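Novice: Got a sequence here, can you model it:
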Amino acid sequence: MLHLQNENQRILIHDMKKHLQSIALLNEDNENEKIRAYIDQLMQSSDLLEFSKICDHKILNNILCRYKKVCNDLHIAFHADIRSNTTTFLSDSDVTSLFCNMLDNAVEASNHIKDSYIEITAAQRKHTPFIIITMINSCACNPFSPNGELVSSKPDPQAHGFGIKSIEKIVHNYNGNMQMYYDGETFTFHTIIMLKMKP
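Specialist: Predicted structure coming up:
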């Protein structure tokens, strides 16, 4: 994905002379609104975004870069703050399962919502061996049933829910716990995961 991003940036740079020529022609005709729209379109291009370094964990960095691009394409604001050395104790397979399942659910919930966003953070609780991973994402309606179970919005709910089970399994393996709740005032879904660092 990063190689593709770099290639797309090189293509855009290659085409920049042509873009500037088009803007110059619009300028000669005093087409100020069209110039502004053209420049905005170029500035919002995902090919101009820098995705090379979000965190110091290589696998997680690649995952976060991929989801940042997905969110950009879907017009979902994305913010990640993964503090240094907070995820190095996790195996690569656990990092992939944990973060991909969390982010898949967040993207699905945030899509098609105006001004939606996803925020994910990971930090060590001071003077403890525990890492706290939090995620807040836009969510249009409460996904919990009256008895407190998460209800899938997918066509066949019986065939889904394995992502949450995968997350729960990882949390259990690291002697942690997970809390999830919905805030109806802000239309946001909150996930808080605590994991114990392994030596």
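Novice: S138 versus I113, what's the distance?
Specialist: Between I113 and S138 the distance, using CB to CB, to the nearest Å, works out to 5 Å. Yep, even glycine has a C-beta here, placed from its N, CA and C like the rest.
Novice: For these two, indicate the residue with more neighbours.
Specialist: Remark: of I113 and S138, S138 carries more neighbours, 22 against 16, as counted by other CB atoms under 10 Å.
Novice: And for the more buried one, nearest residue in space, chain neighbours not counted?
Specialist: In space, not counting the residues next to it along the chain, S138 is nearest to S116; the distance is 3.6 Å by CB to CB, 6 or more residues apart in numbering.
Novice: Go ahead and confirm the one you found touches V107.
Specialist: No: S116 sits out of contact with V107 when judged by CB atoms under 8 Å, with a separation of 9.4 Å.
Novice: the helices in the protein, which residues?
Specialist: Shown for the chain, the helices assigned by DSSP state H span residues 2-28, 32-43, 58-73, 92-110, 162-173.
Novice: so what sits against both of S116 and V107?
Specialist: Listed contacts common to S116 and V107 are I76; contacts here mean CB atoms under 8 Å, 6 or more residues apart in numbering.
Novice: What is the burial count for the closest residue to I63 other than its chain neighbours?
Specialist: The shortest distance from I63 to any residue that is not its chain neighbour, by CB to CB, 6+ apart, is 5.3 Å, and that residue is F99. Taking other CB under 10 Å as the criterion, the count of residues near F99 is 26.
Novice: And for T188?
Specialist: By other CB under 10 Å, 18 other residues sit near T188.
Novice: Beta-bridge partners for it, please?
Specialist: S138, D183 (DSSP bridges).
Novice: now the end-to-end length of stretch 123-136.
Specialist: Taking CA to CA, to the nearest Å, the span from the opening residue of stretch 123-136 to its closing residue is 15 Å.
Novice: May I see the buried residues of it?
Specialist: F130, I131, I132, I133, T134, M135, I136 (16 or more other CB atoms under 10 Å).
Novice: Tell me the pLDDT of the residue nearest to K34 when sequence neighbours are not counted.
Specialist: Nearest in space to K34, with sequence neighbours left out and distances taken as CB to CB, 6+ apart, is L26 at 5.1 Å. According to the model's per-residue confidence, L26 sits at a pLDDT of 90.
Novice: so N72 sits right up against R66, yeah?
Specialist: No: applying CB under 8 Å as the test, N72 and R66 come out as separate, 10.9 Å apart.
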